[in-house]
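Enquirer: I need the structure of the sequence given here:
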Amino acid sequence: MSTKVSDHVLHRLRAWGVEQVFGYPGDGINGLLAAWGRAGDQPRFIQARHEEMSAFQAVGYAKFSGRLGVCVATSGPGAIHLLNGLYDAKLDHVPVLAIVGQTHRTAMGGSYQQEVDLHSLFKDVASEFVETVTVPEQLPNVLDRAIRTAYARRCPTAVIIPGDVQELVYEAPTHEFKMVPSSLGLSDWTTVPSEEPLRRAAEILNSGDKVAILAGQGAAGARAEVERIAELLGAGVAKALLGKDVLSDELPYVTGSIGLLGTRPSYELMRDCDTLLTIGSSFPYAQFLPESGKARGVQIDIDPHMVGMRYPYEVNLVGDAGETLRRLIPMIRGEERGREWFDTVCDNVRRWDDVLERRARLSADPINPEYVAHTLDPLLPPDAIVTSDSGSVANWYARHLTMRPGMRASLSGTLASMGCGVPYAIGAKFAHPDRPVIALVGDGAMQMNGLAELITAAKYKDRWLDPRLVVAVWNNRDLNQVTWEMRAMGGAPSFLPSQELPDVQYAAFARSLGLTGVRVETPEDVEAGWRAALEADGPAVVEFLTDPAVPPIPPHATWEQMEATAASVLRGDADRGSMIRQGFRAKVQEFLPGRETK
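Expert: This next block holds a predicted model:
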């Protein structure tokens, strides 16, 4: 029996080590679906409820496995649905390949049903490589280049295959003019800066008395080196949200997340330092970095297109974080450094831990959302993978969860798209079926698409060696992050027609699918709710009824800013009394005496 183009697509994916493809069927990929049947479902076809979720699942898989994520969709409507997840991959620098159907070549250009100009559609999101296969001889080169480019540029790529091409007999490119043969494989490679900029960087770092380090996801493979240079420099280490799991929060000098969702010690670290070392991060908010001219700066990043932005660094080192630090560390004179700055950073961290503890234990109506995350923290399994959705839940994820060695965590860092938490978690389960995964989700994101993806979790739960997939829902009947942004940034009261959400029975819906469902309505039951979900023998939803009036206070918020916010919402906010009371009580925790430090 002859091999069709569709058969060879799956053969080539298997040869690249692809084990599963996240997708949704449609007639634009009927040829591929038939080939999957002939191939015995290898690589495995993972059916989401929506193509956007397929793309998010591919992103989650790639983030937590370090391997290529692959998604597949039909022509026009399916291809369009992929875009949000693919943009998430583009902005967070994740290798993802999208394989997309197209109308038959004979119909192209004829305004045919479901015909969309897919090159124009994908030319931005897959700008590094997007190509249409029009003859069988193109296939190996196009597919191989798409995969190599996704890995090399850490980006999404797209391969478009018209429906009739999928059905053609596969013919390999010949040794002739205008044929492009191809080969499999991509070796490991390392980028390192030259000696002279390393010495200049060392001079800057050695001259600093108050050094701050900002670590992002690019530092993920350099945990030991980041620890070593921080100790030599007596530096504090703040983490961008995408770098939350690159360094243990148990280290006394790790100040936690930075930015609007970050911690007070990270804000103080950047405010007071005289030297900044940024490793593998393109954190965009300049107002949370040192004031220009106040601190000298060195940046390390593997991507030459991303260096020199965000801050006026004196030296931009282009190279792999681990290899660059291994060359830089011998040039650092750690023995000449005093301990006053280091001790101040550690004291600030301990004080913040006290503040978070007190904030979490403040009463609320009915449950303090900070208490929900704070209670989870000590219960996290040592090999847990945590995903967070966008929204106010990301504040509690960023501040209250202690990353320990062996844990992994991520969210939609740059696109900050709602609806990524549950599909990320499903992608993580396919990347690591032997590990527990916990998704932290607000009720807005859960209603957007999380409910539907519980069906996907139920469908595939028997494939996971460790059956634990916990979806935690903060049910506050409010699109809370936007509500607070309206109050704090726009000086406007909450607009209920846009912000108020229906009170959905999330736990009950989970039970209707045969999953574990736990609804928690009082603070006294929060820990028991977490334990029941974490001990379930399959996917579980634990739903917490939380208070929307508890504010996600930025780490740099002053009393004057809080007073201005309170004054603006007094003009007509539906929840104005509770909001002002909770905001005052949360902020005042920063001024109460903390634990004594030595």
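
Enquirer: and Arg38, how far is that from Asn368?
Expert: Using CB to CB, to the nearest Å, Arg38 is found at 55 Å from Asn368. Just so you know, the C-beta spots here come from the backbone N, C-alpha and C atoms, and that holds for glycine as well.

Enquirer: the more surrounded of the two?
Expert: Neighbour comparison, Arg38 and Asn368: the larger count goes to Asn368, with 26 against 13 (by other CB atoms under 10 Å).

Enquirer: So that one versus Pro523, what's the distance?
Expert: Computed as CB to CB, the Asn368 to Pro523 distance reads 7 Å.

Enquirer: wait, Val318 sits on Pro193?
Expert: Yes - taking CB atoms under 8 Å as the definition, Val318 is a contact partner of Pro193 at 5.8 Å.

Enquirer: Surely Arg519 forms part of a strand?
Expert: Yes - when DSSP: H, G, I helix; E, B strand; the rest coil is applied, Arg519 is found to be in a strand.

Enquirer: which SS state does Thr414 fall under?
Expert: Three states are possible here, and by three-state DSSP the one that applies to Thr414 is coil.

Enquirer: residues touching it, list them.
Expert: Asp88, Leu91, Asp92, Leu242, Pro284 (CB atoms under 8 Å, 6 or more residues apart in numbering).

Enquirer: Repeat the analysis, applying 6 Å as the threshold.
Expert: Listed by CB atoms under 6 Å, 6 or more residues apart in numbering, the contact partners of Thr414 are Leu91, Asp92.

Enquirer: Could you list the low-confidence segments of the stretch 401-550 of the chain?
Expert: 488-491 (pLDDT under 70).

Enquirer: Can you list the residue ranges for helices in it?
Expert: Taking DSSP state H, counting those that start in this stretch as the test, the helices found in the stretch 401-550 of the chain are 421-431, 443-445, 451-460, 480-488, 496-499, 506-512, 526-534.

Enquirer: Could the C-alpha coordinates of the fifth one be exported in PDB?
Expert: This means helix 496-499. The C-alpha coordinates for helix 496-499 follow below in PDB (Å, rounded to 0.1, in the frame of the first residue of the first chain):
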ATOM      1  CA  LEU A 496     -21.500  45.600  37.500                       C
ATOM      2  CA  PRO A 497     -22.900  44.800  34.100                       C
ATOM      3  CA  SER A 498     -19.400  44.000  32.900                       C
ATOM      4  CA  GLN A 499     -17.900  42.600  36.100                       C
END
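
Enquirer: Which positions in it come out as buried?
Expert: By neighbour count with 16 or more other CB atoms under 10 Å, helix 496-499 contains the buried residues Gln499.

Enquirer: rewinding a little: would you mind giving the helices of the stretch 401-550 of the chain as a markdown table with distance to Cys155 added?
Expert: Output for the helices of the stretch 401-550 of the chain, formatted as a markdown table (distance: least, CB to CB, whole Å):
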| stretch | distance to Cys155 |
| --- | --- |
| helix 421-431 | 17 |
| helix 443-445 | 25 |
| helix 451-460 | 25 |
| helix 480-488 | 28 |
| helix 496-499 | 34 |
| helix 506-512 | 35 |
| helix 526-534 | 35 |
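
Enquirer: Show me the one of these that comes nearest Leu380.
Expert: Of all the helices of the stretch 401-550 of the chain, it is helix 526-534 that lies closest to Leu380, at 8.6 Å by CB to CB.

Enquirer: by contact count, what packs against the closest one?
Expert: In terms of contacts (3 or more CB pairs under 6 Å, 6 or more residues apart in numbering; DSSP states H and E), helix 526-534 is packed against helix 369-376, strand 516-520, strand 540-545.

Enquirer: what's in contact with that helix?
Expert: For helix 526-534, the surrounding residues in contact (CB under 6 Å, 6+ apart) are Val372, Thr375, Leu376, Leu379, Val470, Val518, Val520, Ala540, Val542.

Enquirer: let's see it at 10 Å
Expert: 367-368, 371-372, 374-381, 384, 436, 438, 468-472, 507, 510, 516-522, 525, 539-544, 546 (CB atoms under 10 Å, 6 or more residues apart in numbering).

Enquirer: where does the protein have low pLDDT?
Expert: 1, 336, 488-491, 557-598.

Enquirer: So in it, which helix runs the longest?
Expert: With DSSP state H setting the assignment, residue counts place helix 340-360 as the longest helix in the chain.

Enquirer: what comes up buried for that helix?
Expert: Under the neighbour-count rule (16+ other CB under 10 Å), helix 340-360 has 341-342, 344-349, 351-353, 355-356, 358-360 buried.

Enquirer: re the thing from before, touching both of Asn368 and Pro523, which residues are there?
Expert: Here Asn368 and Pro523 have Arg361, Thr375, Phe544 as joint contacts, going by CB under 10 Å, 6+ apart.

Enquirer: Which one (most neighbours) among the residues you listed?
Expert: Result: Phe544 is most packed of the shared contacts of Asn368 and Pro523 (other CB under 10 Å), 30 neighbours.

Enquirer: What is the burial count for Arg333?
Expert: By the measure other CB under 10 Å, the count of residues near Arg333 is 12.

Enquirer: Would you check that it makes contact with Asn206?
Expert: Yes - with contact defined as CB atoms under 10 Å, Arg333 counts as touching Asn206 (5.1 Å).

Enquirer: where do the contact lists of these two overlap?
Expert: Residues touching both Arg333 and Asn206 by CB under 10 Å, 6+ apart: Leu232, Leu233.

Enquirer: returning to what we had before: ChimeraX command to pick out the buried ones of the contacts of helix 526-534?
Expert: Selecting only the buried members of those in ChimeraX, with burial defined as 16+ other CB under 10 Å, works like this:
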select :367,368,371,372,374,375,376,377,380,384,436,438,468,469,470,471,472,507,510,516,517,518,519,520,539,540,541,542,543,544,546
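
Enquirer: most packed of the helices of the stretch 401-550 of the chain?
Expert: Among the helices of the stretch 401-550 of the chain, judged by mean count of other CB atoms under 10 Å, the one packed with the most neighbours on average is helix 421-431 (a mean of 29).

Enquirer: that older thread, can I get the helices and strands packed on helix 526-534 in JSON lines including distance to Asn449?
Expert: Shown next, in JSON lines, are the helices and strands packed on helix 526-534 (distance: least, CB to CB, whole Å):
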{"stretch": "helix 369-376", "distance to Asn449": "21"}
{"stretch": "strand 516-520", "distance to Asn449": "18"}
{"stretch": "strand 540-545", "distance to Asn449": "14"}
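
Enquirer: To Tyr460, which of those lies closest?
Expert: Set against Tyr460 and scored by CB to CB, the helices and strands packed on helix 526-534 come closest in strand 540-545, at 14.9 Å.

Enquirer: Distance from the chain centre to that closest one, please.
Expert: Per CA atoms, centre = their mean, to the nearest Å, the displacement of strand 540-545 from the mean C-alpha position of its chain is 22 Å.

Enquirer: now it against helix 526-534, angle please.
Expert: Orientation check (axes from the mean of the first three to the mean of the last three CA atoms, to 10 degrees): strand 540-545 against helix 526-534 gives 160 degrees.

Enquirer: could you dump strand 540-545 to PDB, C-alpha only?
Expert: As requested, the backbone C-alpha atoms of strand 540-545 are provided in PDB (Å, rounded to 0.1, in the frame of the first residue of the first chain):
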ATOM      1  CA  ALA A 540     -10.700  16.900  41.300                       C
ATOM      2  CA  VAL A 541     -12.300  20.400  41.500                       C
ATOM      3  CA  VAL A 542     -12.100  22.200  44.800                       C
ATOM      4  CA  GLU A 543     -14.300  25.400  44.800                       C
ATOM      5  CA  PHE A 544     -13.700  28.200  47.400                       C
ATOM      6  CA  LEU A 545     -16.300  30.900  48.000                       C
END
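
Enquirer: strands paired with it, and their directions?
Expert: For strand 540-545, the paired strands and their directions (DSSP bridges) read strand 469-475 (parallel), strand 516-520 (parallel).
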